[in-house]
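A.B. asks: Predicted structure and sequence below. I'll ask about it afterward.
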Amino acid sequence: MRTRVDAAIIRNLIVLTMMMVAICASAQDKRFRSITTKDGLPQNSVDVIVQDSLGFIWIGTQDGLARYDSYEMQVFRNEAQNPTSLSDNFITSLLVDSQNGLWVGTRNGLNYFDGKSNTFKRFLPKPGELHQAVYSLFEEPNGVRASILGKDYYFDF
């Protein structure tokens, strides 16, 4: 009889502890802030988001790439006469690799962001051809694999 009482007390203590943990967790101040074009986002429709090890949040839209640091938004877009700008404004995929490098897939090729110069290096499997959409990016041991038009291409670091 005593073991039943002890088991009931232990069970009740466990339930009480779980309830207290749940109450404390829900009492924490949780903040969520929407970011829109009023805050500098290129477009309100976001297709992909990643965060790098420096804390920057990279936001891909159909009208450019935004880097957000919780205070300011910097937007990167294709500039027709600038070969160090994004290859296209329509961002389809993002990847932060193990070396904190940012790879940007677009509707027209792959780009690598150089954080020191705030410029991009373009990688196009078929230079001169349009619509080389990068659908997915995966890190491999020494580079990045990009799925472009149903084929996988490998790019070294």
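C.D. replies: Structure's in. What do you need? All values reported here derive from a predicted model rather than from experimental measurement.

A.B. asks: quick one, what contacts the residue lying closest to Val134 once chain neighbours are set aside?
C.D. replies: The shortest distance from Val134 to any non-neighbouring residue, by CB to CB, 6 or more residues apart in numbering, is to Gly105 (2.9 Å). Every residue, glycine included, has its C-beta placed from N, CA and C. For Gly105, the contacting residues are 91-95, 111, 133-137, 146, taking CB atoms under 8 Å, 6 or more residues apart in numbering as the criterion.

A.B. asks: One more pass at 6 Å, please.
C.D. replies: When contacts are counted by CB atoms under 6 Å, 6 or more residues apart in numbering, Gly105 touches 92-93, 134, 137.

A.B. asks: Could you identify which of those has the most neighbours?
C.D. replies: Within these, Val134 tops the neighbour count with 28 neighbours, counted by other CB atoms under 10 Å.

A.B. asks: Quick check: beta-bridge partners of that residue?
C.D. replies: Here Val134 sits in beta bridges with Ile148, going by DSSP bridges.

A.B. asks: ok, back up a step: show me what the residue nearest to Val134 bridges to in the sheet.
C.D. replies: Ser93, Leu110.

A.B. asks: In CSV: the contacts of Gly105, plus distance to Asn118 and pLDDT.
C.D. replies: Shown next, in CSV, are those (distance: CB to CB, whole Å; pLDDT from 0 to 100):
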residue, distance to Asn118, pLDDT
Thr92, 21, 96
Ser93, 20, 97
Val134, 21, 93
Leu137, 21, 95
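
A.B. asks: Flag the shaky bits of the protein, pLDDT-wise.
C.D. replies: 1-8, 12-13, 15-16, 18-32, 125, 128, 130, 157 (pLDDT under 70).
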